[in-house]
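J.: pasting the sequence and the predicted model now:
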Amino acid sequence: MTAAEQLRNEQADFVAAVAGELTLFLTSRQSVMSAISPDIDPIMGAISNLVTGGKRLRALMCYWGWRGAGGDPAAAEVVTAGAALELFQAAALIHDDIIDRSDTRRGGPSVHRSFSQLHGAQGWALDSERFGQAAGILAGDLCLSFSEEAFTDIGERAAAGSRARLIFNLMRAEVMAGQYLDILEEVAGPVRDRAGAVSRAHSIIRFKSAKYSTEHPLALGGALAGASNELLRGYSAFALPLGEAFQLRDDVLGVFGDPLTTGKPAGDDLREGKRTVLVALALDQASEAESAFIDSRLGSQDLSDEDILEIRRIIEESGALQATEVLINEFGAAAFDALEALDLDELPKTALRRLAEATVSRAS
């Protein structure tokens, strides 16, 4: 078997094991929830649908962090950790779609939107939008609780006070902090000092996305396998800039991405009022009139297709898009340099390199 075949097979086996673990976990919880009431079934179904498929980026980062630190490829602990990360990601997506008023996720209705549709289909009383948002919040909370349960199932390696537990706890707290900074910037950004907009946007992507997408999952796998502090520092030097490049690419796709590829409407981030690094650079580099136009239309409920095209034009012609691409390349280069400096066996290093390449150049 070639090294490429070994990598492909090992990674496929892990992804399949995580999928199986998620199925077993949710099936066991389904019986508990159904015993309360069969009316809970749509919430369980929504969670199950959301954790089915996807790129498994966080679980894979965890796995290769584990393998790079000498972890057994057949160990149950890393599979359970991968399942816990997938459940946490699902909870974050459910809540993020509510916060962003996003109707779609992966080409279908977002969780809260599916509950609004259920309300309408059943002809229930009162407001369908309010019901959908409330049900979505509860589905996200339940998914977050399940993530904690799954992580605890790892056992001693994830016990209170362990390095893995500390990383897992910090990851969850930082995401919540980053989410708040994100919604704060949406409402406060127009009246704050524009000179600090790019710095604030960088802080948001670091704590809302970059750390929990790549840095913490990689460190979590390493910590579970008993990695040294030196290796964990090396993991961070690689994974943090990778996560920042990942989110910057996401920001570009949120404005310029193809809906058929991203599963989101064109210009969705503009409708949601996201003050990303891309937008902050445009506000900083565009003319005063153009910046004022972005400020006045960003996040507007009646944002038209023509408005989106105009904001795109401003972003491109101001140089903000090119500047963001430069940042993506710089963060990517820093990540690859740090990866080459890591003292890892060739298999995990190659796997991490391929994950990094896919992350930086992705189209969805």
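T.: Received the coordinates, thanks. Numbers count the residues shown, from 1 in each chain.

J.: from here on, contacts and neighbour counts on C-alpha atoms
T.: Will do.

J.: distance from the chain centre to stretch 328-340, please.
T.: Its chain's C-alpha centre and that of stretch 328-340 lie 20 Å apart, by CA atoms, centre = their mean, to the nearest Å.

J.: and what of stretch 115-131?
T.: Remark: stretch 115-131 is offset 28 Å from the chain centroid, using CA atoms, centre = their mean.

J.: now stretch 331-351
T.: 22 Å.

J.: my guess is F151 contacts V78. True?
T.: No - in this structure, F151 is not within contact of V78 by CA atoms under 8 Å, at 9.9 Å.

J.: what helices or strands is the longest helix seen in the chain leaning on?
T.: Using DSSP state H to define each element, the chain has its longest helix at helix 3-36. Contact here means 3 or more CA pairs under 8 Å, 6 or more residues apart in numbering; DSSP states H and E; on that basis helix 3-36 packs against helix 41-50, helix 57-68, helix 76-99, helix 346-361.

J.: change it to 10 Å
T.: In terms of contacts (3 or more CA pairs under 10 Å, 6 or more residues apart in numbering; DSSP states H and E), helix 3-36 is packed against helix 41-50, helix 57-68, helix 76-99, helix 128-152, helix 346-361.

J.: right, so the ones you listed: which one is the most enclosed?
T.: Stretch with highest mean neighbour count among the helices and strands packed on helix 3-36: helix 57-68 (a mean of 26; mean count of other CA atoms under 10 Å).

J.: which elements pack onto it?
T.: The contact analysis (3+ CA pairs under 10 Å, 6+ apart) places helix 57-68 against helix 3-36, helix 76-99, helix 216-224, helix 229-256, helix 346-361.

J.: and the fourth one, what's buried?
T.: If I follow you right, that is helix 229-256. Neighbour-count burial for helix 229-256 flags 231-232, 234-256 (criterion: 16 or more other CA atoms under 10 Å).

J.: and what of the longest one?
T.: By neighbour count with 16+ other CA under 10 Å, helix 3-36 contains the buried residues 7, 11, 14-15, 17-19, 21-23, 25-26, 30, 33.

J.: could you dump those to TSV with pLDDT and distance to L303?
T.: Shown next, in TSV, are the buried residues of helix 3-36 (pLDDT from 0 to 100; distance: CA to CA, whole Å):
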residue	pLDDT	distance to L303
L7	95	46
Q11	96	43
F14	98	43
V15	97	40
A17	98	44
V18	98	41
A19	97	39
E21	98	43
L22	98	39
T23	97	41
F25	97	42
L26	97	40
Q30	95	41
M33	96	41
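
J.: quick check, nearest of those residues to F88?
T.: L22 (12.0 Å; CA to CA).

J.: give me the contacts around the lowest-mean-pLDDT helix or strand in the chain.
T.: Sorting the helices and strands of the chain by mean pLDDT, DSSP states H and E puts helix 259-262 at the bottom, at a mean of 79. Residues from elsewhere that reach helix 259-262, judged by CA atoms under 10 Å, 6 or more residues apart in numbering: R105, R106, G107, D250, L253, G254, P265, A266, G267, D268, A363, S364.

J.: angle of the helix or strand where L184 lies against helix 76-99?
T.: L184 belongs to helix 163-188 when assigned by DSSP states H and E. Calculated by axes from the mean of the first three to the mean of the last three CA atoms, to 10 degrees, helix 163-188 forms an angle of 10 degrees with helix 76-99.

J.: contacting residues around the helix or strand following helix 163-188?
T.: Scanning forward in sequence from helix 163-188 by DSSP H and E, the next helix or strand is helix 197-205. Residues from elsewhere that reach helix 197-205, judged by CA under 10 Å, 6+ apart: 175, 177-183, 185, 189-190, 194, 206, 208-211, 243-248, 251, 274-284.

J.: now swap in stretch 309-323 and tell me
T.: The list of residues contacting stretch 309-323 from outside it, by CA under 10 Å, 6+ apart, reads 252, 255-256, 266-267, 270, 277-287, 290-291, 293-294, 297-298, 304-308, 325-329.
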